[in-house]
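Engineer: Turn this into a model:
(chains A, B, C and D)
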Number of protein chains: 4
Amino acid sequence: MGVSKTHPSSEAMIAVERGYPLYIADLSVKPAFEKAGIPVAGSVWDMIGQADIVVDATPAGIGAKNKPLYERAGVKAIFEGGEKHETAGFSFNAHSNYKDAIGRQFIRVVSCNTTALCRIIHAMDQEYGIDSVDAVLVRRSSDPGEIKKGPVDAIVLQPVSLPSHQGPDVMTVLPHISISTMAMTVPTTFMHMHALVMRLKKEARKERIVEIIGKHSRMGLVKSKTGISSTAELMEYMRDMGRPRADLWENGIYEESISIQGKYLRLFQAVHQEAIVVMETVDAIRAASGTVSDPEVSIRKTNSAMGLVAIG
Amino acid sequence: MGVSKTHPSSEAMIAVERGYPLYIADLSVKPAFEKAGIPVAGSVWDMIGQADIVVDATPAGIGAKNKPLYERAGVKAIFEGGEKHETAGFSFNAHSNYKDAIGRQFIRVVSCNTTALCRIIHAMDQEYGIDSVDAVLVRRSSDPGEIKKGPVDAIVLQPVSLPSHQGPDVMTVLPHISISTMAMTVPTTFMHMHALVMRLKKEARKERIVEIIGKHSRMGLVKSKTGISSTAELMEYMRDMGRPRADLWENGIYEESISIQGKYLRLFQAVHQEAIVVMETVDAIRAASGTVSDPEVSIRKTNSAMGLVAIG
Amino acid sequence: MGVSKTHPSSEAMIAVERGYPLYIADLSVKPAFEKAGIPVAGSVWDMIGQADIVVDATPAGIGAKNKPLYERAGVKAIFEGGEKHETAGFSFNAHSNYKDAIGRQFIRVVSCNTTALCRIIHAMDQEYGIDSVDAVLVRRSSDPGEIKKGPVDAIVLQPVSLPSHQGPDVMTVLPHISISTMAMTVPTTFMHMHALVMRLKKEARKERIVEIIGKHSRMGLVKSKTGISSTAELMEYMRDMGRPRADLWENGIYEESISIQGKYLRLFQAVHQEAIVVMETVDAIRAASGTVSDPEVSIRKTNSAMGLVAIG
Amino acid sequence: MGVSKTHPSSEAMIAVERGYPLYIADLSVKPAFEKAGIPVAGSVWDMIGQADIVVDATPAGIGAKNKPLYERAGVKAIFEGGEKHETAGFSFNAHSNYKDAIGRQFIRVVSCNTTALCRIIHAMDQEYGIDSVDAVLVRRSSDPGEIKKGPVDAIVLQPVSLPSHQGPDVMTVLPHISISTMAMTVPTTFMHMHALVMRLKKEARKERIVEIIGKHSRMGLVKSKTGISSTAELMEYMRDMGRPRADLWENGIYEESISIQGKYLRLFQAVHQEAIVVMETVDAIRAASGTVSDPEVSIRKTNSAMGLVAIG
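Structural biologist: Predicted coordinates for the structure are as follows:
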């Protein structure tokens, strides 16, 4: 097991402190690591040579360039949502299509927004059937530790033209779902927020929907009695619960927002961009390696390894 | 003509510099104004005694308390969107129901968000008929000159429960429209953004919708060739155009976002919360006074007085 | 041991989950707690009756109102920086005046900004003597979990008039220090930043200052090799280190900023407003109870209970 | 007279609407301009061939590359603060060194922060003499119309190492002044804020300092009676005064902050990064062309052309 970084940083320091050997892509920067007191175990290619599965969390588009190397080395690879569906040929969401992923060489874990959409859409589709979905995604602009990206004071349409890519991306996992998404970016670092309008095939009752979400292994209810009405308070609740890095691995669905009008279901859900795909990536490794064949077994293993206990 | 303020401020100073007599509600604070070098013309009740029409832009709920005074003084009053529909008994949008407002004693000009929704919904309804509307309102948290209100780093559901009040509020102006709204607040000072999904009764063509908006006297196209993709760039464009206070009085509809899928029309529109109801308030005064009976004549008069020239 | 809250909230839920009995000031709101499933152990007065020491972390000014109750009950009390020096009659910083605090009935732990100033000023004063200090405090506007306070897009002078209160407040702990402070508030939730200019009585060498800070039990060096240049990256580093709530209990002094010019010492330090006084409060409890007489023994006990390991 | 842009944009559209011929550096992008309906008058080199003076407001470092072209064409050029002092060989501030600029081929107008520092320092130096200056610059992160640059939620030290470049930069204009600066960037779009500590050679009285600033042709007092305590409210005041683009061309010095303690003068000043160097650039053109020899005559001409009337 090893970690790869491109330049010396606090993240590289922490990986080494925790006992992970550190590999670098470009051995010519090795002196810079050593000057900073960070030992280098070898090149990334050394690491790949010893690995069975690589998790490629490189910036968008680099994964596609790395794929031939993985093919040559005969290793399996998990790509992230910044890569195109075509790079892996298979897009993954644990609850939606774990079984189809078993034993594959290449698996793409879809992005945080797409993952959260797949979870709730798949669960509602199983119970009621879905006619169509409209989702407005209000995205955080940068992660809490980032200082370069803006905007500072703007709502940015990303993109202006419709639909945004997340709608079609859901359909790489759930091809039969008709969905349209509109996306914008706002100056906040804590979580995305989704406003969801789903047209179901059957009328639903709020109590039953609350029950489905409450029992789901990757969705959580933000209960009314917590008084939480925002992304920031929800993140604070995770800090108070003592979760590592204040991670919210589940869809955070605001119980009070769940609303039924005829066949229309509307709700708000918060999506923690830093946390949500960590879980799916672990499941994808398990599916690729073929060690666990039952999705719920894998999901429960992952949840329990991370220490997930129900919110709300 | 006079202006009323509650305490000495830069706004009071500017009103006086521009030659408006300044009235105050509480004469006991007169010495504070005089110490700051701001002459006071009298009490608010002096002002009302001399007025034909009062524009009551007091904080939400105060208008309802003032109403009996206007009734006693026999003056007409224009209330703003912070007041309930019941206070005036009539909710106003110039394009939607100007004629029904003519000669009324009390008129409520609906809020900036509701005004912008009424403009586009009424225009589409005239041309195509509307089955239903879903709107997600991403609201600015404070005006550029405000320093107390947050949030600083959060997306806040306002309210968590659905629908938000703007949907029912549209129906005080356009009672036959079926609309549901979801609202949140984000840390920005420049304009609200609406993500709109309208189910029309007939299929539409984008070219025709672009034409309707382009010709509308209170909606403007944010054209693709400007490269504008946000609220901030749109505000900057207004500054560069030399508009007073960088005001955008029109719905700012992003041309590139207008999208047709079967009977569904989707688009983004920016709403300048500081500017948009100024225009409707002037029209409401004209309607209440009964001086102009044709809505488009009033609208054009107001537009030309403010110096509106087409954006985009 | 017990916790007191005024209304049901996620914080109340977590206190109870962790096994702390929950007391409330106003027993008439007990049904609201019970409706939310949060058991109430009794009134705040029950709690005080059983306590030896109360930590009064009520909003600014409430502590002064509570003081007669503590006097009547004969309990010791620790007040926080929102209370005036006069309320306790003694203002506390562990490194600066622990010994003078031993056995006192009332101790005021100074605010986060004042605490951080006392730590670095006292340490430099011990080594070099100090002629005068100028500090510019750039304050975060709200904590990460707060959603009401702004500003959203402004730098606010708080106060406009000089000096700000923190300079005189340092002198309640270190009366012989000549210090002037200027304070402003900016739209961020992560930590305050201090720009410090100290005129020392003797010339200093950077190496020695780095050494003093590196060995100090409540100050930490943000080392150059981490590449950290901001509050946000520093907070992220604490998350990556696995600190509870990402707390930075030490002054975070940027090694690269430490600069000597003749007798002038200049540097930047980050101050985590949520974390820094937690440590001093624990020491103040120990001093008040008289169980530990050596400051460094108390400080090390507190540090090790919280799990403090050196940053950088 | 002409304007140059690199790609079609709302700014290019507005330049053309106002009747300025538009020149482009790279004629191969001419079709893109024409497709957007923006006529191109020719290449930048055509424009330079017809010009006497060029104002080079290109991004930092490009001016140095353009200089040989201006030398070859025999035109004068005004560079901005992004260029190094050496590029022009002369750094300019109207009040500080206008006379030395008369007739020069190359003049560098220093940056907004340096300009504002020169104005107040030069004025205090003329009256009292200055021993040393410490300035903490809290900088806005992006202009209101920018959407890419952050941070969103951070205070960033720029740079971490001391002093920041503005101190030495003041000394390119006022070589005898001893000054040290510390700079940070915060998430706001409206104006920089300077916290200034000046050690004067003589004791001063606040009344006299208020008088000097009040009479200065490029500094303005933000008077206490306006109630303004922030950058945002000051910007709003400029909007209410009807200034074009809400520009604040003067140093905005907070009257209430001006504070004397022995020989120390402390104060806060706001600096509108978009506006302040526009004035100095116009004066620099006049100095380079040699048409006006008296600085105050040039300054008054520029002020009156922009419509400057005293704030406060």
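Engineer: what is the mean pLDDT for the longest helix along chain A?
Structural biologist: Counting by DSSP state H, the longest helix found in chain A is helix A:112-128. Averaging pLDDT along helix A:112-128 yields 98.
Engineer: send the alpha carbons of it over as PDB?
Structural biologist: Only the C-alpha atoms of helix A:112-128 are listed here, as PDB (Å, rounded to 0.1, in the frame of the first residue of the first chain):
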ATOM      1  CA  CYS A 112     -20.100  13.400  -5.600                       C
ATOM      2  CA  ASN A 113     -23.100  15.200  -7.200                       C
ATOM      3  CA  THR A 114     -23.900  12.200  -9.500                       C
ATOM      4  CA  THR A 115     -23.400   9.700  -6.600                       C
ATOM      5  CA  ALA A 116     -25.900  11.600  -4.400                       C
ATOM      6  CA  LEU A 117     -28.400  11.800  -7.200                       C
ATOM      7  CA  CYS A 118     -28.100   8.100  -8.000                       C
ATOM      8  CA  ARG A 119     -28.700   7.100  -4.400                       C
ATOM      9  CA  ILE A 120     -32.000   9.000  -3.900                       C
ATOM     10  CA  ILE A 121     -33.200   8.400  -7.500                       C
ATOM     11  CA  HIS A 122     -32.500   4.700  -7.400                       C
ATOM     12  CA  ALA A 123     -34.200   4.300  -4.000                       C
ATOM     13  CA  MET A 124     -37.300   6.100  -5.100                       C
ATOM     14  CA  ASP A 125     -37.300   4.300  -8.400                       C
ATOM     15  CA  GLN A 126     -37.300   0.900  -6.700                       C
ATOM     16  CA  GLU A 127     -40.300   1.900  -4.600                       C
ATOM     17  CA  TYR A 128     -42.400   4.100  -6.900                       C
END
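Engineer: Okay, now the unreliable bits of chain A?
Structural biologist: Counting by pLDDT under 70, the ranges of chain A that qualify are A:312.
Engineer: Spell out which residues of it are next to chain C.
Structural biologist: Residues of chain A lying near chain C by Cβ under 8 Å from any Cβ of the partner chain: A:8-11, A:13-14, A:36-37, A:143-147, A:152-153, A:189-190, A:225-230, A:232-233, A:235-237, A:239-242, A:244-246. Backbone N, C-alpha and C define where each C-beta goes, glycine included.
Engineer: So for the longest helix of chain A, what gets flagged as buried?
Structural biologist: A:112-125, A:128 (16 or more other Cβ atoms under 10 Å in any protein chain shown).
Engineer: Also stretch A:254-267?
Structural biologist: For stretch A:254-267, using 16+ other Cβ under 10 Å, the buried residues are A:254-260, A:264-267.
Engineer: Check the residues of chain A next to chain C one by one and keep those near chain D.
Structural biologist: Okay, of the residues of chain A next to chain C touching chain D (Cβ under 8 Å from any Cβ), that's A:144, A:146-147, A:152-153, A:189.
Engineer: Could you work out the most separated pair of those residues?
Structural biologist: A:Pro144 and A:Asp153 (18.4 Å; Cβ to Cβ).
Engineer: Now the residue of the stretch 51-200 of chain A at minimum distance from chain B: closest residue in space that isn't a chain neighbour?
Structural biologist: Nearest to chain B, among the residues of the stretch 51-200 of chain A, is A:Ala154, at 3.4 Å (Cβ to the nearest Cβ). Nearest residue to A:Ala154, sequence neighbours excluded (Cβ to Cβ, 6 or more residues apart in numbering or on different chains): B:Ala232, at 3.4 Å.
Engineer: cool, and A:His85?
Structural biologist: A:Thr172 (4.5 Å).
Engineer: check which helix or strand covers the residue nearest to the spatial centre of chain A.
Structural biologist: The C-alpha lying nearest the average C-alpha coordinate of chain A belongs to A:Val277 (Cα atoms, centre = their mean; 2.4 Å). Per DSSP states H and E, A:Val277 falls inside helix A:276-289.
Engineer: in what helix or strand does the residue in the stretch 151-300 of chain A that chain C sits nearest to lie?
Structural biologist: The nearest approach of the stretch 151-300 of chain A to chain C comes at A:Glu236, 3.0 Å away (Cβ to the nearest Cβ). Element membership of A:Glu236 [criterion: DSSP H and E] is helix A:231-240.
Engineer: tell me what the helix or strand following that helix is packed against?
Structural biologist: Moving toward the C-terminus from helix A:231-240, the next helix or strand (DSSP H and E) is strand A:251-254. Identification of packing neighbours for strand A:251-254 by 3 or more Cβ pairs under 8 Å, 6 or more residues apart in numbering or on different chains; DSSP states H and E yields helix A:112-128, strand A:219-222, strand A:264-271.
Engineer: Wait, the residue nearest to A:Ala154 touches D:Glu146, no?
Structural biologist: Yes. At 7.2 Å, B:Ala232 counts as touching D:Glu146 under the criterion of Cβ atoms under 8 Å.
Engineer: Mind listing the shared neighbours of the two?
Structural biologist: Contact criterion Cβ atoms under 8 Å, 6 or more residues apart in numbering or on different chains; residues shared by B:Ala232 and D:Glu146: A:151, D:189.
Engineer: Pretty sure A:Val136 sits in a helix.
Structural biologist: No. Under DSSP: H, G, I helix; E, B strand; the rest coil, A:Val136 falls outside any helix and is assigned strand.
Engineer: Contacts only, for it.
Structural biologist: A:181-184, A:194-195, B:136, B:138, B:182, B:195.
Engineer: Then A:Asp46?
Structural biologist: A:Tyr23.
Engineer: which stretch of helix or strand covers it?
Structural biologist: helix A:44-50.
Engineer: Next, the buried residues of that helix.
Structural biologist: Quick answer for helix A:44-50 (16+ other Cβ under 10 Å): A:44, A:47-48.
Engineer: re earlier: so which of the buried residues of helix A:112-128 comes closest to chain C?
Structural biologist: A:Cys112 (17.5 Å).
Engineer: And A:Gln261, how close does it get to chain D?
Structural biologist: For A:Gln261, the distance to chain D equals 35 Å [Cβ to the nearest Cβ, to the nearest Å].
Engineer: Tell me how many other residues crowd A:Gly210.
Structural biologist: If you look again at residue A:210, you'll see it is Val, not Gly. Close neighbours of A:Val210, defined as other Cβ atoms under 10 Å in any protein chain shown, add up to 15.
Engineer: thought it was touching A:Gly220?
Structural biologist: No. Using Cβ under 8 Å, A:Val210 is not in contact with A:Gly220, being 11.6 Å away.
Engineer: residues from chain A in reach of chain D?
Structural biologist: Contacts of chain A with chain D, taken as Cβ under 8 Å from any Cβ, map to A:141-142, A:144, A:146-154, A:156, A:187-189.
Engineer: 6 Å instead, please
Structural biologist: A:141-142, A:147-154, A:156, A:187, A:189 (Cβ under 6 Å from any Cβ of the partner chain).
Engineer: TSV please, covering the residues you listed and showing secondary structure and neighbour count.
Structural biologist: Listed next are the residues of chain A next to chain D as TSV, based on DSSP: H, G, I helix; E, B strand; the rest coil; neighbours: other Cβ atoms under 10 Å in any protein chain shown:
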residue	secondary structure	neighbour count
A:Ser141	coil	23
A:Ser142	coil	22
A:Ile147	coil	24
A:Lys148	coil	12
A:Lys149	strand	16
A:Gly150	coil	23
A:Pro151	coil	28
A:Val152	coil	29
A:Asp153	coil	32
A:Ala154	coil	34
A:Val156	strand	24
A:Pro187	coil	30
A:Thr189	coil	28
